[in-house]
Every structure is written in structure tokens, then in C-alpha cells.
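Visitor: Have a look at this prediction, sequence included:
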Amino acid sequence: MERNILKRIALLLITAGIIFSCGAQKESLEISEQEKVVFNSDDEQQVEIADEKTEYEIIIIEPGFYVWLQSIARPEGYYSQSFLENRNSLMVMNWNQRVLQPRLYNPNLYELQINYDPNIDYGYEVNYKLYNYFIFFQRKYNQRLGPFIPRI
């Protein structure tokens with residue numbers, strides 16, 4: 001009797017796993033035509049991420065990012081600073097781990113580590129631009145830097 005119950009539980013778990021994996025595959029990343037045009041753009045206008053108070057600075061020279069940030073990304077103020085900080089902490093951690101593993105992850109995508117301390121208040125603008133760069137990067141190169149699908 002106990003064996004039959006264990007078999008049923010195992011069968012239910014297997015069935016639930018199959019249903020869950022099928023449902024997860026339906027969540028695909030849809031890239032709009034406008035976004036595809038931006039991703040294929042040769043525009044290399046740089047985006048500076050800086051905060052004078054903390055002397056934090058990143059300069060991003062990624063084709064299409066400036067246009068994407070101006071035309072496709074959610075506007076400043078859409079996300080709270082705490083949301084941006086939480087997501088950035090997670091994505092920086094994953095990014096830096098990939099930089100350290102060039103045999104597993106493309107070293108042309110993950111070139112340099114990002115020094116981001118979650119205990120420092122970098123301000124809204126730095127967090128906003130960094131977060132949006134991560135979303136842009138994940139969507140353009142079909143990468144995942146966290147457990148969530150990078151959506152706009």
C-alpha cells in the first residue's frame with residue numbers, strides 16, 4: 001500500500017515537472033521590430049553612468065544602447081530605486097561570475113567586472129541606466145543574468 005502511494009506521488013511530481021517545464025518554455029522573449037532595428041544599429045553614441053558623490057562611473061559604448069535607452073526603455077521614474085538596486089545587485093553578481101569563467105561564458109560579452117556595492121547609494125540615475133543596460137544586453141544577446149525574463 002505504501003509503495004503504491006509513493007509511486008503515485010512520484011508520478012504526480014514527474015507530471016507536475018513536465019507541465020511546469022512546458023509552461024516555462026512558453027515564456028519566450030519577444031523582440032519587437034523596432035527593437036531589432038536598434039539592436040542592429042551601428043550607432044555608437046556613448047552613455048555615461050556617473051555619480052559625482054560616490055565617484056562612480058561607467059561609460060558604455062555599445063551600438064544601439066543610447067537609442068534603445070531613449071526610445072524603448074521605460075522612462076526614468078517608472079521603477080523605484082529600491083527595485084533597481086535589488087535587480088542590479090543580482091545582475092552584477094551574475095555578470096562578475098561570468099567574467100571570471102571565460103571558458104563557460106563568451107569573453108567577448110563579459111569582458112570586465114563591475115564594481116557595484118549594494119551598501120552604497122549610487123542614486124537613481126546610476127541605478128536606472130545600469131539596470132537598463134542589463135535589460136538591453138540580455139535582450140540583444142539572448143542572455144539571462146537572473147531568474148527573471150528581461151522585459152521592458
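Guide: Sure thing, it's come through. Computed from a prediction, not measured in an experiment: that's the story for all the values here.

Visitor: so the closest residue to P150 other than its chain neighbours is in which element?
Guide: In space, and not counting its chain neighbours, P150 is closest to Q138: 3.8 Å by CB to CB, 6 or more residues apart in numbering. C-betas here are computed from N, CA, C, even on glycine. For Q138, the enclosing helix or strand under DSSP states H and E is helix 124-141.

Visitor: ok, and for that helix, which residues are buried?
Guide: Within helix 124-141, the residues that count as buried by 16 or more other CB atoms under 10 Å are 124, 126-140.

Visitor: For it, what is the distance to the chain centroid?
Guide: How far helix 124-141 lies from its chain's middle: 7 Å, per CA atoms, centre = their mean, to the nearest Å.

Visitor: which residues touch it?
Guide: Contacting residues not belonging to helix 124-141 are listed as 29, 31, 35, 39, 47, 49-51, 54, 56, 58, 60, 62, 64-65, 68-69, 73-74, 76, 79, 81, 84-85, 87-88, 91-92, 95, 109, 114, 116, 143-145, 150-152 [CB atoms under 8 Å, 6 or more residues apart in numbering].

Visitor: And stretch 29-39, by the same measure?
Guide: 64, 67-68, 71-72, 139-140, 142, 149-150.

Visitor: mind redoing it with 6 Å?
Guide: Here stretch 29-39 makes contact (CB atoms under 6 Å, 6 or more residues apart in numbering) with 64, 67-68, 72, 140.

Visitor: swap in stretch 75-85?
Guide: By CB under 6 Å, 6+ apart, stretch 75-85 touches 124, 127-128, 131.
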